[in-house]
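**Student:** From the sequence below, what's the structure:
(one chain, ligands or ions: 1)
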Amino acid sequence: MIALNHVYKKEHDIINKKLEEWQCRNCRISQDLPASTSRQEHADFKANYIGVITTSFPEKRGTPRQPGICADMIAKLTLSKDAFTNPAHTLEGLQEFSHMWILFHFHKNESTHVKAKVAPPRLNGTRTGVFATRSPHRPCPIGLSLVKIDRILDDTIYFSGVDMIDNTPVLDIKPYIPQYDNPGIVNLNIPNVDLNESVTEIADAARDLSLASTSVDDGFENGRIMDGEENVRREQVLGSSVTERSASRLEENYARSHSRMGEREAPDGEEEEPPEAAQALPVNSGAPQGHVRVPSWIDNPPASRLTVLFKDRALMQLGQLGSEGEEKKTTITNILQEDPRSVYLRERWSSHCYIFRIAELYVSCKFNDSTQTVMVYQVFQNEVPPDTDD
Ligand SMILES: C[S@@+](CC[C@H](N)C(=O)[O-])C[C@H]1O[C@@H](n2cnc3c(N)ncnc32)[C@H](O)[C@@H]1O
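**Tutor:** Down below sits the predicted model:
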């Protein structure tokens, strides 16, 4: 028997207190730059929030680590009226894109001490450089998510694919443009091929390929693009003739753009040889031009997917939600099978009950690391589940 009420309520009170303290308003990010770079043009960067995101995740705990984990979950971004008197005007044309990038502020990061190396859950405790991960705990706490645009209504964008907590302030949005953003097809400039037609197909396929939703933080995938087998699927999307041509085009364009860069930038005198002492980190040069490389722990993480099981009681509680029950079950499964716990929780509190929220729903579960399973005990609406017993 575990005193869940006590443990959870304490945590809940802390969260509520912090929520009260926080107000979404324009922010100023002042940067403490090292003396060597603190020239006037870098010294004072001001950023405005352009809007705020409403999601079903009131807390960090249980929030998907990347948008693709719950790709069908809906959220909305409402633009602020501070920057423009008529914010709806800024969205004109965006409806022609299927996907967009959202840059947002990890405003709920509690720790002020950022570590150079972090332990993404996906790496099962192994530490790696923070900039080689998608960890929210970074010196400039900005998140980047690729989401699907569902609908635009006045100053509000409804989108699916959510990895932000409720009330997350937004710094910017940009349309996702595969021709610019996907190195597999950038700069192709292929004659007689309507790439626009392929864009929707690619974007749709992106979800399957986890292209739109893979990366790593604390352990999730996003932004991964394909290699090997996945590349075969890309060829099916693009058409193999396009892909074959694209490889040689890419090589040509790459060479051309490099010589152009050299022509333009060298006279400015800004390009310098790296100092002799500079240590170049070894880079895997195995990927052919136009292919995208990710470390093996993205595709084959040491931490594997979990099997999600439901107690009869939890199934009954989900059944009482009517038509929403099945949808919520899928969401719970998607979140839990990726193991939302931090490495710390996994190592220290693995036998404890884990409670998280999806909107008004409280889900209680227990992980069993030796069997790689997670059992959902209770799914309660509007209240913390009572003590859970086995
Ligand atoms: C791993 S980050 C990835 C975000 C983004 N896709 C990226 O790659 O930059 C997502 C996690 O950040 C945390 N998070 C989301 N919104 C947050 C916020 N507003 N403040 C602090 N942490 C947040 C949640 O724990 C969520 O699971």
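**Student:** Poorly predicted segments of the stretch 201-350 of the chain, please.
**Tutor:** Residues of the stretch 201-350 of the chain meeting the criterion pLDDT under 70: 201-290.
**Student:** which stretches of the stretch 51-200 of the chain have low pLDDT?
**Tutor:** 186-200.
**Student:** in it, which spans are helices?
**Tutor:** Along the stretch 51-200 of the chain, counting by DSSP state H, counting those that start in this stretch, helices occupy 178-181, 195-208.
**Student:** Determine the set of other helices and strands touching the shortest one.
**Tutor:** Read that as helix 178-181. helix 195-208 (3 or more CB pairs under 8 Å, 6 or more residues apart in numbering; DSSP states H and E). To be clear about C-beta, it is placed using only N, CA and C from the backbone, and glycine gets the same treatment.
**Student:** Identify each buried residue in stretch 150-169, please.
**Tutor:** For stretch 150-169, a neighbour-count test (16 or more other CB atoms under 10 Å) marks 152, 155-157, 159-169 as buried.
**Student:** looking at it, Asn139 is touching Val114, isn't it?
**Tutor:** Careful, residue 139 is Pro and not Asn. Yes - contact status for Pro139 versus Val114: in contact at 5.0 Å, counting by CB atoms under 8 Å.
**Student:** joint contacts of the two?
**Tutor:** Val130 (CB atoms under 8 Å, 6 or more residues apart in numbering).
**Student:** Listing partners with orientation, what would you give for the longest strand along the chain?
**Tutor:** Using DSSP state E, we find that the single longest strand of the chain is strand 142-153. When pairing is defined by DSSP bridges, strand 142-153 lines up against strand 99-105 (antiparallel), strand 156-160 (antiparallel).
**Student:** From Ser342, how far out is the nearest residue to Ser111 once chain neighbours are set aside?
**Tutor:** Leaving aside its sequence neighbours, Ser111 sits nearest to His137 (CB to CB, 6 or more residues apart in numbering; 6.4 Å). Counting by CB to CB, to the nearest Å, the separation of His137 from Ser342 is 10 Å.
**Student:** So which residues make contact with the longest strand of the chain?
**Tutor:** 66-67, 71, 74-75, 91, 94-95, 97-106, 136, 157-164, 168, 171, 176, 203, 207, 212-213, 222-223.
**Student:** which among those are in contact with the ligand?
**Tutor:** Applying CB under 6 Å from any ligand atom, the subset of the contacts of strand 142-153 adjacent to the ligand comprises 66, 106, 136, 163-164, 168, 222.
**Student:** Most widely separated two among those?
**Tutor:** Thr168 and Asn222 (16.0 Å; CB to CB).
**Student:** which residues does the residue of the stretch 251-390 of the chain found nearest the ligand contact?
**Tutor:** In the stretch 251-390 of the chain, the residue that lies nearest the ligand is Pro340 (7.2 Å; CB to the nearest ligand atom). Taking CB under 8 Å, 6+ apart as the criterion, Pro340 is in contact with 61-65, 356.
**Student:** one step back: including distance to Thr126, could the ones next to the ligand among the contacts of strand 142-153 go into CSV?
**Tutor:** What follows is those, written out as CSV (distance: CB to CB, whole Å):
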residue, distance to Thr126
Gln66, 19
Phe106, 23
Pro136, 18
Asp163, 22
Met164, 26
Thr168, 29
Asn222, 19
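**Student:** Out of these, the closest to Ser80 would be?
**Tutor:** Thr168 (13.0 Å).
**Student:** Could you measure from the closest one over to Phe57?
**Tutor:** Taken as CB to CB, the span from Thr168 to Phe57 is 9 Å.
**Student:** Same question for Lys76.
**Tutor:** 13 Å.
**Student:** Likewise for Leu315?
**Tutor:** On the measure of CB to CB, Leu315 and Phe57 end up 23 Å apart.
**Student:** who has more neighbours, the two?
**Tutor:** The neighbour comparison of Leu315 against Phe57 (other CB atoms under 10 Å) goes to Phe57, with 23 against 14.
**Student:** ok, now which ones touch the closest residue in space to that one that isn't next to it in sequence?
**Tutor:** Distance criterion CB to CB, 6+ apart; nearest residue to Phe57, sequence neighbours excluded, is Thr63 at 4.1 Å. The neighbours of Thr63, taking CB under 8 Å, 6+ apart as the test, are 55, 57, 162-165, 340.
**Student:** Could you pull out the strands in the stretch 51-200 of the chain for me?
**Tutor:** 51-54, 74-79, 99-105, 117-118, 128-129, 142-153, 156-160, 168-175 (DSSP state E, counting those that start in this stretch).
**Student:** Are the longest one and the ligand in contact anywhere?
**Tutor:** Yes - using CB under 6 Å from any ligand atom, strand 142-153 reaches the ligand at 143-145.
**Student:** give the contact list for Val363.
**Tutor:** 62, 332, 355-357, 376, 378-379, 385.
**Student:** between those, which is nearest Glu324?
**Tutor:** Scanning those for proximity to Glu324, where the rule is CB to CB, the winner is Val379, at 11.0 Å.
**Student:** you'd agree the closest one is up against Gln317?
**Tutor:** Yes - under the criterion of CB under 8 Å, Val379 makes contact with Gln317 at 4.4 Å.
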